[in-house]
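> model the following, please.
(one chain, ligands or ions: 2)
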Amino acid sequence: MTRVTVVIPTLNEEASIGAVIDAIPRDIVDEVLIVDGQSKDRTVAIAQEKGARTVIELRRGYGRAYKTGFANAEGDVIVTLDGDGTYPAAAIGDLVRMLDAEQLDFISCDRLSTLKPGAMTATHRFGNWALAFWANVLFRVKIRDSQTGMWVFRKRILEGLTLTADGMSFSEEIKVEAWKRGFRCREVPIEYSPRIGEAKLNTWSDGFQNLRFLFRKRFSRKKK
Ligand SMILES: Nc1nc2c(ncn2[C@@H]2O[C@H](COP(=O)(O)OP(=O)(O)OP(=O)(O)O)[C@@H](O)[C@H]2O)c(=O)[nH]1
Ligand SMILES: [Mg+2]
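Numbering: from 1, shown residues only. Ligands and ions are numbered 1, 2, ... in the order given. Below is the predicted model:
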């Protein structure tokens, strides 16, 4: 039997984390693992009340939190989500079944194909387009939504990926790596909703950092 772990990094998501965990289908998901960056609010208490396992990662960063989460996940299949209510947890069952039925290694959930007005600002839409454009040019891949934070993948592929980013660039890096290392990857459209609670992403600094990261990764002399 395939075991499924949902990993969610959190930083002050008390307004939404309870509803996010409640929406996860427990008939298919064996473990919900919260990687908390020492939230100052009730995020961890709420997650524990809802039956999630929690680990604390004091080192800052979205990518850092995921690396810790993946190392602690018990499942053979890992599903990722934000703690802010933007991703459709209810779709997890269909996505995991698709991974198995189509014998895929990595599904990246594409927010941009079916984006509703209001779910993403025009600036973020442009940033997403620009970052995907450069990822595709630099790494000769074909990814529509390079920044989505919802992925469904087999844990074993992590051994074959070189994941260097500790910040927000982790999201584009894991996709570029999965695609270019020859794993069976697919993008599947999902519905994306407006965020609940305060954003941790800084549009301009994270946007430029993600762009710079792509160039650095591509042209770094170290063989990665
Ligand atoms: N543990 C941990 N979690 C983090 C950190 N930074 C962000 N997160 C969490 O990672 C998830 C993604 O961060 P968001 O702020 O939603 O970033 P985003 O989705 O790019 O931006 P929005 O579109 O505004 O939601 C959220 O659940 C955050 O709480 C961090 O440094 N440590
Ligand atoms: Mg988010």
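> if I look at M1, how far off is V96?
12 Å (C-beta to C-beta, to the nearest Å). Any C-beta I mention is one placed from the backbone N, CA and C, and that applies to glycine too.
> which one's more surrounded, these two?
Remark: of M1 and V96, V96 carries more neighbours, 20 against 5, as counted by other C-beta atoms under 10 Å.
> my read: that one touches D30, true?
No: with contact defined as C-beta atoms under 8 Å, V96 does not count as touching D30 (10.8 Å).
> got the phi/psi numbers for L33?
Per-residue torsions, L33: phi -120, psi 120 (degrees, to the nearest 10).
> at contact distance from ligand 1, anything in stretch 128-135?
No: using C-beta under 6 Å from any ligand atom, stretch 128-135 stays clear of ligand 1, coming no nearer than 9.9 Å.
> tell me the mean pLDDT for that stretch?
In this model, stretch 128-135 has a mean pLDDT of 97.
> can you give me the buried ones in that stretch?
For stretch 128-135, the neighbour count (16 or more other C-beta atoms under 10 Å) marks 128, 131-132, 134-135 as buried.
> helices - which of the residues you listed land there?
Of the buried residues of stretch 128-135, the ones assigned to helices by DSSP state H are 128, 131-132, 134-135.
> for F183, what are its contacts?
By C-beta atoms under 8 Å, 6 or more residues apart in numbering, the contact list for F183 reads 105-106, 157, 160.
> just to revisit the earlier point, overlap in contacts, V96 and D30.
Taking C-beta under 8 Å, 6+ apart as the criterion, V96 and D30 both touch V4.
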